[in-house]
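A.B. asks: Generate a structure from the sequence data that follows.
(one chain, ligands or ions: 1)
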Amino acid sequence: MSRTNDRLLLVDGRLVPGAGGAFETINPATEEVLGTAADASADDMDRAIAAARRAFDETGWATDHAFRARCLRQLREGLRRRADELRELTIKEVGAPRFLTFGAQLDAPVDDLAWFADLVEDYGWERDLGRAEPMGMPSHRRVVREAVGVVGAITPWNFPHQINLAKLGPALAAGNTVVLKPAPDTPWCAAVVGEVIAGETDIPPGVVNVVTSSDHALGARLTQDPRVDLVSFTGSTATGRNVMASAAGTLKRVFLELGGKSAFVVLDDADLRAACSYAAFAGITHAGQGCAITTRILVPRERHDEAVEITAGALAKLGAGDPQDDRTICGPVISARQRERIEGYLELAVKDGGAFACGGGRPEGRDRGFWIEPTLITGLTNDSRAAREEIFGPVLVILPHDGDDDAVRIANDSPYGLSGAVHGGDVERARGVAGRLRTGTVSVNGGVWYGADVPFGGYKQSGIGREMGVAGFEEYLETKSIAEGV
Ligand code: NAD
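C.D. replies: The predicted structure is shown next:
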């Protein structure tokens, strides 16, 4: 294998091999081995944490706002210069459909770094509370915002650039130093960010460390190490629970972006064809591998059969296709393990009395790669496991509702609370239903909430905290109150 197909760790400003050797990264559409990523050992992680600690404690990174803004812009420009290469890499490593790389899978998160750079310059880092005489002692009070310290960023494979950069952007803007530990399925997407930081920015050594590894346990070290101040985690709710428990040992701050099982509510005055066609498109984009994807479609009971026909027809027409093709919406799923997991849910759905209005298996003619047909499950209730649990594949469940109150009840009858959608003819009414959903984001009539300035995150077991927006930036800040005797 050529050197160009091996990617390295970034530790203390240097691109280095992993002491654990290297592990393969695979194209999920073809099972082709793309190359290798450095496999970090526990010692590599230890060095990365030490470097991040030193860079935070012993350099001016945390206090030089103008320098940080400049570095973030350099990072954005460096990534943009490599956009063509990154696009191909992302399609191959993530199985992301090409069209998505012009949005949330690549271009949008790279561009969003500019928003965080601007925020560093515009943010009110200090607030003057003026004079007061608490307990008769004249004092001048100020509230200062400053970086938390060393951030351990642990990320999943489904939207790697979006999630890696949605952590690096605000964490660095706030003045923290970072150890990024990406998912073993998509090490290259993180490693190239390390290459750009090392080669094309003035970001000082140790400020960002990228530690790829085939071993999940390396992430756990970030949650336990007392030198790490905050863990910013995106991944499954099950792992999120472990992260929180493990971080409790050193009372770290934890910021969690977790799973979802979001509802797509179609009201009885909606244009059923438009709504269900959109639900099909939204539900299987990137093979359903998005935490905020609306995977439970709630339709008026009296129009259930019609809704099934429209949705199933749209899913079958969209199909699963080569992610290289501009027209593909649904590519492969990330791995054999994920495919098995999804197939387990398909079996479970049938056992629980469900039926497939379309799909239900692997697409014909795709013998290589990890594929699942776009699938619509009917005949389940909201308490069956396939309707309640996150499947993370191109699999939608359609459920009937008996009016707005019932739709809200079913939508909220979930341990998750990440996102949701409402479609209706009367916008006021749709807005009212949206307001009753216990979720961190809601789309009304196809509105798109994604953006650098929009906080994103979960209610209930979908997470703690917000990513993006000013609220997301402030997750990475401490608050210090200073009073001077006058
Ligand atoms: P995962 O929870 O298996 O892994 C996520 C990351 O955590 C990986 O880097 C993994 O190596 C690491 N990890 C695993 N065990 C760990 C431990 N004990 N301690 C510390 N780190 C550990 O998730 P995944 O399969 O990579 O991604 C899919 C999940 O991510 C889905 O549940 C999805 O909903 C969720 N997700 C959530 C959001 C969001 O913003 N809410 C966004 C994308 C994905």
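
A.B. asks: Would you mind listing what in this structure touches the ligand?
C.D. replies: When proximity is defined as Cβ under 6 Å from any ligand atom, the chain approaches the ligand at 154-159, 163, 181-184, 216, 219-220, 223, 234-236, 239, 242-243, 257-260, 291, 390, 392, 418, 458, 463. Bear in mind the C-beta positions are built from the backbone N, C-alpha and C, glycine included.

A.B. asks: can you tell me which of the residues you listed are in strands?
C.D. replies: Residues from these lying in strands, with DSSP state E as the criterion: 154, 181, 234, 257, 463.

A.B. asks: Which strand residues bridge E478?
C.D. replies: The partner list for E478 in beta bridges (DSSP bridges) reads E146.

A.B. asks: give me the low-pLDDT residue ranges for the stretch 51-200 of the chain?
C.D. replies: Residue ranges of the stretch 51-200 of the chain with pLDDT under 70: none are present.

A.B. asks: Give me the neighbour count for the one residue in it that gets nearest to the ligand.
C.D. replies: Of all residues in the stretch 51-200 of the chain, the one sitting closest to the ligand is P156 (3.0 Å; Cβ to the nearest ligand atom). Using other Cβ atoms under 10 Å, P156 is surrounded by 23 other residues.

A.B. asks: Could I get the contacting residues of it?
C.D. replies: Neighbouring residues of P156 by Cβ atoms under 8 Å, 6 or more residues apart in numbering: 163, 183, 234-236.

A.B. asks: re earlier: now the buried members of the ones in strands among the residues of the chain next to the ligand.
C.D. replies: Using 16 or more other Cβ atoms under 10 Å as the burial test, these include 154, 181, 234, 257, 463 as buried.

A.B. asks: circling back: can you redo the contacts of P156 as TSV with distance to F23?
C.D. replies: As requested, the contacts of P156 are exported to TSV (distance: Cβ to Cβ, whole Å):
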residue	distance to F23
I163	20
A183	12
T234	21
G235	19
S236	21
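
A.B. asks: out of those, which are buried?
C.D. replies: 163, 183, 234-235.

A.B. asks: what's the distance between stretch 111-126 and the middle of its chain?
C.D. replies: Put simply, stretch 111-126 sits 21 Å off its chain's centre (Cα atoms, centre = their mean, to the nearest Å).

A.B. asks: Can you tell me how far the residue most central in space within the chain is from I329?
C.D. replies: The structure's the chain has its C-alpha centroid closest to I163; by Cα atoms, centre = their mean the separation is 4.5 Å. With distances taken as Cβ to Cβ, to the nearest Å, I163 is found 21 Å from I329.

A.B. asks: Tell me which two of the buried ones among the ones in strands among the residues of the chain next to the ligand sit farthest apart.
C.D. replies: Farthest pair in these (Cβ to Cβ) is K181 and G463. Separation: 18.1 Å.

A.B. asks: In this structure S262 contacts R438, no?
C.D. replies: No. Using Cβ atoms under 8 Å, S262 makes no contact with R438, being 11.1 Å away.

A.B. asks: and these two? which has more neighbours close in?
C.D. replies: Neighbours per residue (other Cβ under 10 Å) separate S262 from R438, with S262 holding more: 32 against 15.

A.B. asks: Torsion angles phi and psi at that one?
C.D. replies: The phi and psi values for S262, taken as degrees, to the nearest 10, are phi -80, psi 150.

A.B. asks: just to revisit the earlier point, which one of the buried ones among the ones in strands among the residues of the chain next to the ligand sits closest to P205?
C.D. replies: Nearest to P205 among these, counting by Cβ to Cβ, is K181 at 18.4 Å.

A.B. asks: Tell me the bridge partners for that closest one.
C.D. replies: Assessed by DSSP bridges, K181 has beta-bridge partners I154.

A.B. asks: Next, the contact list for it, please.
C.D. replies: 45, 152-155, 211-213, 218-219, 222.

A.B. asks: That concludes my questions; thank you for your assistance.
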